[in-house]
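> Pasting the sequence and the predicted coordinates here, then a few questions.
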Amino acid sequence: MVKKNFYGGKYFRSIAKQRQKIKKLFVKKNWIAHHGIERSGTNFLRAILIELKINLINQFDPAENHPSHKHFRWYRDKSLIPNMKKSLLNDLTAENIYYINKICKFFFDTKHIVIKKKKLNAITSIANYFLNQKILHKDENFKNNILSIQKDYVAYYDFWKQINEKDPDSVQIIFYEDIINSTDALVKALNIFRIFPNVDIPKKFSFSELYESDIDRKKNISEDEIYENIKKK
């Protein structure tokens, strides 16, 4: 299945926002929030969930330091947020799903699905994104910045792992490398949530265009180069 730009432009995005507001007045159950660090496949996951007509409670991104944002850093030690991403700075954390839903003003039984890239792949992707955006530079601070990205990645997913272990019926973590090839892992997570889409789920999804994804982005650094910077840590 190939779908181009699941929002269909700013006008249809605005309409979709209004429709979601109305839906939340009447539909109080079977909502999902999606999460993941930058460049981890969150836009791909979001596109799939929209295609499956899932009630996606954080479909539209607020500011990055808002707790309902998919990239929000819930972990306690905020000094681990990279200096390159000051837009993520916040002073909130939570011990369980109850408080996450309460802080985000989600419905109390909202489920959470977290997408994760394998570490080396993720750090390389983030570094390339930062280099393309001129946020990261190959200078004397480069290695320390790469290590900062790694620590942030570990803290982000350690938080969600702990929440998943406390309440696996409400939180599931899936790998990008799995769902890019098959929807099996996603279907398994939805089954655990007892959320069953009313549409046929294809074996595989692909999208020719995704919101905020630049298909022409340059690859400035390889996984081997990233590995050389983090292998001793």
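Noted; the coordinates are in hand.

> Quick one: residues contacting the residue nearest the centre of the chain.
Central residue of the chain (CA atoms, centre = their mean): Gly36, 2.4 Å from the mean position. By CB atoms under 8 Å, 6 or more residues apart in numbering, the residues touching Gly36 are 42, 45, 70-71, 114-116. All C-beta spots, glycine's among them, are computed from the backbone N, C-alpha and C.

> Report the secondary structure state of Leu136.
coil (DSSP: H, G, I helix; E, B strand; the rest coil).

> Tell me the pLDDT of the residue nearest to it when sequence neighbours are not counted.
Distance criterion CB to CB, 6 or more residues apart in numbering; nearest residue to Leu136, sequence neighbours excluded, is Phe130 at 3.5 Å. Here, the pLDDT recorded for Phe130 equals 93.

> repeat for Ser206
78.

> what's the answer for the one 5 residues further on, then?
pLDDT, the model's per-residue confidence, is 52 for Tyr211.

> Farthest from the middle of this structure: give me that residue.
Quick read of the chain (CA atoms, centre = their mean): farthest out is Glu140, 30.3 Å.

> hang on, that residue is in a strand, isn't it?
No. Looking at Glu140 with three-state DSSP, it is coil, so not inside a strand.

> burial count for Gln53?
I think there's a mix-up here, since residue 53 is Lys and not Gln. 10 (other CB atoms under 10 Å).

> ok, it to Ile32 distance?
Lys53 sits 11 Å away from Ile32, going by CB to CB, to the nearest Å.

> Repeat that for Glu177.
21 Å.

> More neighbours: those two, which one.
Applying other CB under 10 Å to Glu177 and Ile32 shows that Ile32 carries more neighbours, namely 22 against 13.

> Might one say that that one is in contact with Leu52?
No. Assessed by CB atoms under 8 Å, Ile32 is found out of contact with Leu52, at 10.0 Å.

> Could I have the CA atoms of the helix or strand encompassing Ile173 written out in CSV?
Element membership for Ile173 (DSSP states H and E) is strand 171-175. Extracted C-alpha coordinates of strand 171-175, given in CSV (Å, rounded to 0.1, in the frame of the first residue of the first chain):
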residue,chain,number,x,y,z
VAL,A,171,2.5,0.3,27.0
GLN,A,172,4.2,-1.6,24.1
ILE,A,173,7.6,-1.0,22.5
ILE,A,174,8.1,-2.0,18.9
PHE,A,175,11.2,-1.7,16.7
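
> which helices and strands does it pack with?
Secondary-structure packing of strand 171-175 (3 or more CB pairs under 8 Å, 6 or more residues apart in numbering; DSSP states H and E): strand 111-116, helix 142-166, helix 184-193.

> Next, the buried residues of it.
171-174 (16 or more other CB atoms under 10 Å).

> ok, and what's touching that strand?
Strand 171-175 has contacts (CB under 8 Å, 6+ apart) with 45, 97, 111-118, 157, 160-161, 163-164, 185-186, 188-189, 192-193.
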